[in-house]
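A.B. asks: Any chance you could fold what I've pasted below:
(chains A, B, C and D)
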4 protein chains.
Amino acid sequence: MKNKSTLILLLIFGYSGFQLSAQKSGTIVLDEIVRPHFRQEILIPDLPGYKTLKCDFHIHTVYSDGTVWPTVRVSEAWEDGPDAIAITDHIEGNPRKLPGQKHTEYEIALASAQAADIILVKGGEISRSMPPGHFNALFVTDVNALNVADYMDAIGEAVKQGGFIIWNHPGWRRQQTDTTKWMAEHEAIYNKGWMHGIEVFNEKEWYPEAIQWAMEKNLAVTGNSDIHDFYENYYNTGRFPIRPVTLVFAREKTEESLKEAMFAKRTATLFFNKLVGKKEFIEPLVNQSIRVAEPHLWQDGYAWFAVENLTDIEFTLVKTGSDDSELPGRTILPPGGTIILRAKQPEGQTMNYYFNLENVLTGVEQYYEYKMSVRYE
Amino acid sequence: MKNKSTLILLLIFGYSGFQLSAQKSGTIVLDEIVRPHFRQEILIPDLPGYKTLKCDFHIHTVYSDGTVWPTVRVSEAWEDGPDAIAITDHIEGNPRKLPGQKHTEYEIALASAQAADIILVKGGEISRSMPPGHFNALFVTDVNALNVADYMDAIGEAVKQGGFIIWNHPGWRRQQTDTTKWMAEHEAIYNKGWMHGIEVFNEKEWYPEAIQWAMEKNLAVTGNSDIHDFYENYYNTGRFPIRPVTLVFAREKTEESLKEAMFAKRTATLFFNKLVGKKEFIEPLVNQSIRVAEPHLWQDGYAWFAVENLTDIEFTLVKTGSDDSELPGRTILPPGGTIILRAKQPEGQTMNYYFNLENVLTGVEQYYEYKMSVRYE
Amino acid sequence: MKNKSTLILLLIFGYSGFQLSAQKSGTIVLDEIVRPHFRQEILIPDLPGYKTLKCDFHIHTVYSDGTVWPTVRVSEAWEDGPDAIAITDHIEGNPRKLPGQKHTEYEIALASAQAADIILVKGGEISRSMPPGHFNALFVTDVNALNVADYMDAIGEAVKQGGFIIWNHPGWRRQQTDTTKWMAEHEAIYNKGWMHGIEVFNEKEWYPEAIQWAMEKNLAVTGNSDIHDFYENYYNTGRFPIRPVTLVFAREKTEESLKEAMFAKRTATLFFNKLVGKKEFIEPLVNQSIRVAEPHLWQDGYAWFAVENLTDIEFTLVKTGSDDSELPGRTILPPGGTIILRAKQPEGQTMNYYFNLENVLTGVEQYYEYKMSVRYE
Amino acid sequence: MKNKSTLILLLIFGYSGFQLSAQKSGTIVLDEIVRPHFRQEILIPDLPGYKTLKCDFHIHTVYSDGTVWPTVRVSEAWEDGPDAIAITDHIEGNPRKLPGQKHTEYEIALASAQAADIILVKGGEISRSMPPGHFNALFVTDVNALNVADYMDAIGEAVKQGGFIIWNHPGWRRQQTDTTKWMAEHEAIYNKGWMHGIEVFNEKEWYPEAIQWAMEKNLAVTGNSDIHDFYENYYNTGRFPIRPVTLVFAREKTEESLKEAMFAKRTATLFFNKLVGKKEFIEPLVNQSIRVAEPHLWQDGYAWFAVENLTDIEFTLVKTGSDDSELPGRTILPPGGTIILRAKQPEGQTMNYYFNLENVLTGVEQYYEYKMSVRYE
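C.D. replies: Got it, this is the predicted structure:
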């Protein structure tokens, strides 16, 4: 306040630091150095009639080659926003060979999950060389029974247990060196009705062919972290705070409802700002995500109006075709942010502007086209 | 540049976001979502004739009640700046009772430590009820041999193996409910020459009595994280980026040299911005830490001069006594920062200003007094 | 994925940095180095029948002793979330004495405000020595006419113009050295009906006496930044992201509605996490702010339930009285966060738990008491 | 510490927030909400015989079309690390037409600059349409005298005053629409010896042609912010903390020495992580910037060694040619960070590895080639 000189400010240096008092006895507890733990929901709208569950179906622990104890996975999910997770340690060839170490990761994590209201899906990763590669079996009842020599027997056993089968990281370059192929073995699994979903995204990679196959063959679109490390140690959460998730459009937040929705293929995936899924789910999702306000100013034939992003997803709007609206060709709608646009706008007439959402795919190379309607009276 | 209107800026929204290209085939690797890993040294000066090693001598893993695999502790130390660590899982009563699970955490972590140039000290935590409480045994050769019924036998065995014994968290309220006491059992251990160091700081607590005893009884001052969780998940590293460390003033960066320095009690501890140790080590440390420049301006009897903090420690300077210098009574010297002070200053005369460093203790309730000398010619 | 060795990770360092291509000709535009600009709303609920407008009624520019051009104040407000601002440069004694420089700050900023949908209130600061100190005049029509010798004439002229008068920073130590006093001059202004509001908070200070007077004398509670510098340069927005604001409970977002609400004293203030106002506004505000979910788990006589904070305010709950619920004595509810509580809970019975909200004052030393009702069937 | 259950941690939520005490009277000052202000040096090494001065020679204020008061530019420089700045408001056509407002920005800022030990260079921007465009005149004595009709007269007057002339943003698309051309007018200025430097970087753009011309015609390489807004409001300092600067290799930190070095063309520029300059300055700069340690481990024919980046510049090393070292093809050396590399390494023999530094240009399309020498005995 009040007639300050910048020069003086510079010198009377008023920085209030973190001070530790001197004290003669007792135990001084420094609570401020401890990181606060709480849950932050991921903002993605529900669809009419469905709850949007955010899920990570591919996670490891020390029970195979991960670096963390199983309960950590629940704490992470509770903080980061997922509603459901599956711990899917490698079933075969546990490299650590701790004697007597059966797959007990689910049992260890369960009490934490119940307390934290996280749906913990029982699962495991059938981890074979290519073909056919790795497959996650979700909702199974006895993971150890899948540890059999023949991969088809393992998948069959999982299906017999009620399992939902996902082909993992189909384009992983250590298993598919040059091109991402759908091999005879995958065709065989698919023809038996034993392939229910596919990973479009895994860890830090995504696979255009998997999008194509998901659409053509009606596989559930999934995207999962395949996290081995502590989550925040692997991802650059400072720049990309939202975990990659499979979105499942379920009737309610229960394991049964989740399973029903997955077998019905009502899924999509969000990895960082990219949203991939069938148009029938993407369309209502986007329309619930972006709110275009009525113009707050109209001047000389131009309208000024706010566009609000109600989600944690960064949307990129690129005009399709040309119009004389003078709207920018490319607009970023930041997570939780509002921007103001100006367009040529006749009074009392609804104008429609069309944009490709560059971060939303409803098929390979197929951007979702978003219609923005503006009217000034 | 160049005649911009703020109004227009507001509307032509030019945010360049993170874009994922649409692509028809292949595997797209999103390197930018992965957190970069590299080492950042902790800036604390060496002392004349000694290298200042930053050490954490109290760390847990899944081999007792921690949540991480042993190699993680090496990665964390490599990134965060410690030069030496000891993994000190509880020796008795492993709560997880994995069959056959002996203390192999050291062996598991060793190759990583060698590659990362981190000194990995072999150790374990003798974890008894109070009295006498918990003790870390460092530099021992066979941790499993310390798992014996009598605590004195356990400590004796550690000493026989060449071990350095630290009394851990002496003021932990779960073991010392009201006041922090030096009991007969501690006296007995001490009298045998079997207590070499004491934790002044542990996890998020510090203990004034421990400072007192360290000075009176010539115990090595230590401060350690006692970390069970991932380091970054436990501490609020956003606000307090520097790990709590024991500082060891060693002739060189080798395990032998480290051990020699510790038995010689050439240690101090830094926890967040608090530095605690004997004056003989604190004095040269502080004098290497703060650089007072010659005045760059002299005007009307006032000198203006820069004071630079060469370390990652935040120093707080509080004037002792009164002088007519017009220097502020309380000054914060931020980590790596430079501030400018103004003082009444006769030309051609050295002025000495005295400050208590409120974050530096050389005894209980005993701040280190810092002398700032300024001269303008 | 897939059987990684931490050791190898450590060495094959895969950090994808920011790369600038080499290019032979043309102009390379580095959009990523430019800070994105967008609006982020401040999350504070509306009250039944009223819209909660967030306002800053005390702001300076280069037109008195501030450091920024008037349009900057609109851009800042647009980004930071306020709905309304008043630029209130000192009316008397402009220290810069730019010849011909009348108070044109409002005119300069107006077009930006209209484009950004920010209500720009016309105002100025009557800046006299104590008594009576500084007063803001809002909603006036001719600021220059307030530049008259006698302070009572200045205030009278403001009132004649329809002005709303606020006593600014009543406890500013440069004007009230020891204690914060209501002097005869303030009584005189008040008795004429010319004092409508008071600053409970200003810049970085708050004044308990002002809370007392606001309640006793029915003055509108306000809290304002009195910002002279760029907003982000003055406040530590990294730690405290929400601007101090006066909350006005208005029928709609228009200047008329805002003015009506202020003269009706329907206001409160939020500065950092402290919320101050009359109980009749605070009670519905808090009840819209905190959502207690039904218990998701009931086990052995304990219920586990989520408590969600729907706002950008950090609430601190401290149990009043004692109960046997085993709830923690002190609980922090972080902005936008959800926590899980566990309480002893009989089935089929509603339990009420009482907490003082330590960050919410409805009077001097008077915390708002919050009732949390939990029921498990 | 000590046998914690993660489950319990989850529920006994122990977050220590920022608390505002209730208090009955007095003025409560919240120092923690105020942003600390201090200087942080930019880490770029000196060259043998020269001090590396970091400079920004293109800056605006409210005295032309900027948004800040002149003293702000000194405060910003003092905090951000530059050693010298020039405020270079547009000389012609001041859009604000404040009556009587001559160019007094230098006089206003000077006292702050002296207190802060920042070299304040007097200057202005000759701002004409293309050709020839905009030119900065530095070290001039009377800025107002440059406000004459003919551009050549203006430049001549600047030279007469001892001015150093820089061609600003030669590839600015509002003045050079398609291609960046050296026109007859530039040739004329150059032939008179009146063009001393050129901007290779301006604000958020860089110009390959300008690099070419700087090398061919021996112009001083410069890069400047051309900042109009508050610095932190324009640039994304969260991701790119280091200001774009012109590096001047001067004998000492004085204005005379700075001027001598500039006329001697001992300059380079750093904008974000890109370093551009003549090889004679770049070579010693890089060699002082990167420290390769002796191998700390040698095993099975491989050496493991640390590479430390002593600067605030992010270096990108790309192997040139192929070798059998098994070093990664592309390595990022983060600012202030250390990485560990592993190479095939015969004992007792020096191995040289070659890398293009992708962020360092010594000419158009010409990366600096860095030689890394490693020896294990």
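A.B. asks: what's the longest strand in chain A?
C.D. replies: Across chain A, the longest stretch assigned as strand under DSSP state E is strand A:350-363.
A.B. asks: Quickly find the element holding residue A:307.
C.D. replies: Here residue A:307 sits within strand A:302-309, counting by DSSP states H and E.
A.B. asks: Run the angle between that strand and strand A:350-363 for me.
C.D. replies: 30 degrees (axes from the mean of the first three to the mean of the last three C-alpha atoms, to 10 degrees).
A.B. asks: Please say whether there is contact between strand A:302-309 and chain C.
C.D. replies: Yes - using C-beta under 8 Å from any C-beta of the partner chain, strand A:302-309 comes into contact with chain C via A:304, A:306. In short, each C-beta sits where N, CA and C put it, glycine included.
A.B. asks: Can you name every helix or strand that that strand contacts?
C.D. replies: strand A:290-292, strand A:297-299, strand A:338-344, strand A:366-375 (3 or more C-beta pairs under 8 Å, 6 or more residues apart in numbering or on different chains; DSSP states H and E).
A.B. asks: Tabulate these (a markdown table), appending distance to residue A:80, mean pLDDT and mean neighbour count.
C.D. replies: A markdown table is the format used below for the helices and strands packed on strand A:302-309 (distance: least, C-beta to C-beta, whole Å; pLDDT from 0 to 100; neighbours: other C-beta atoms under 10 Å in any protein chain shown):
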| stretch | distance to residue A:80 | mean pLDDT | mean neighbour count |
| --- | --- | --- | --- |
| strand A:290-292 | 24 | 97 | 16 |
| strand A:297-299 | 40 | 94 | 14 |
| strand A:338-344 | 25 | 95 | 21 |
| strand A:366-375 | 26 | 95 | 16 |
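A.B. asks: Which of those sits closest to chain B?
C.D. replies: strand A:338-344 (5.0 Å; C-beta to the nearest C-beta).
A.B. asks: Going along the chain, name the strands of the stretch 51-200 of chain A.
C.D. replies: A:51-59, A:84-87, A:119-127, A:134-138, A:164-167, A:197-202 (DSSP state E, counting those that start in this stretch).
A.B. asks: which SS state does the residue nearest to residue A:330 when sequence neighbours are not counted fall under?
C.D. replies: Nearest residue to residue A:330 in three dimensions, chain neighbours excluded: residue A:318, at 5.2 Å (C-beta to C-beta, 6 or more residues apart in numbering or on different chains). Classification of residue A:318 using DSSP: H, G, I helix; E, B strand; the rest coil returns strand.
A.B. asks: For the residue positioned nearest the centre of chain A, give the beta-bridge partners.
C.D. replies: With distances taken as C-alpha atoms, centre = their mean, residue A:245 lies nearest the centre of chain A, 2.1 Å away. Counting by DSSP bridges, residue A:245 is bridged to residue A:270.
A.B. asks: what do you get for the one 4 residues further on?
C.D. replies: Following DSSP bridges, residue A:249 is listed with bridge partners residue A:52.
A.B. asks: my guess is it contacts residue A:281, does it?
C.D. replies: Yes - with contact defined as C-beta atoms under 8 Å, residue A:249 counts as touching residue A:281 (6.1 Å).
A.B. asks: Overlap in contacts, those two.
C.D. replies: Residues touching both residue A:249 and residue A:281 by C-beta atoms under 8 Å, 6 or more residues apart in numbering or on different chains: A:47, A:266, A:267, A:268.
A.B. asks: Let me know the distance separating the residue of the stretch 51-200 of chain A found nearest chain C from residue C:295.
C.D. replies: Across the stretch 51-200 of chain A, no residue is closer to chain C than residue A:117, which sits at 4.3 Å (C-beta to the nearest C-beta). Per C-beta to C-beta, to the nearest Å, residue A:117 is found 10 Å from residue C:295.
A.B. asks: With residue A:269 instead?
C.D. replies: Counting by C-beta to C-beta, the gap from residue A:269 to residue C:295 is 32 Å.
A.B. asks: ok, now residue A:126?
C.D. replies: Look at residue A:126 and residue C:295: by C-beta to C-beta, they are 38 Å apart.
A.B. asks: and these two? which has more neighbours close in?
C.D. replies: Using other C-beta atoms under 10 Å in any protein chain shown, the more surrounded residue of residue A:126 and residue C:295 is residue A:126, with 26 against 23.
A.B. asks: surely the more buried one meets residue A:134?
C.D. replies: Yes - the pair residue A:126 and residue A:134 passes the contact test of C-beta under 8 Å, sitting 6.7 Å apart.
A.B. asks: In terms of secondary structure, what does the longest strand of chain A contact?
C.D. replies: On a contact count with 3+ C-beta pairs under 8 Å, 6+ apart, strand A:350-363 meets helix A:208-217, strand A:274-277, helix A:279-289, strand A:315-319, strand A:366-375.
A.B. asks: and residue A:283, what is it in contact with?
C.D. replies: By C-beta under 8 Å, 6+ apart, residue A:283 lies in contact with residue A:368.
A.B. asks: Tell me the pLDDT of it.
C.D. replies: As predicted, residue A:283 sits at a pLDDT of 98.
A.B. asks: what do you get for residue A:15?
C.D. replies: Residue A:15 is given a pLDDT of 34.
A.B. asks: before we move on, what about residue A:8?
C.D. replies: For residue A:8, pLDDT reads 35.
A.B. asks: burial of the residue nearest to residue A:251 when sequence neighbours are not counted, as a residue count?
C.D. replies: Nearest non-adjacent residue to residue A:251, counting by C-beta to C-beta, 6+ apart: residue A:257, 4.8 Å away. Neighbours of residue A:257 under the rule other C-beta under 10 Å: 17.
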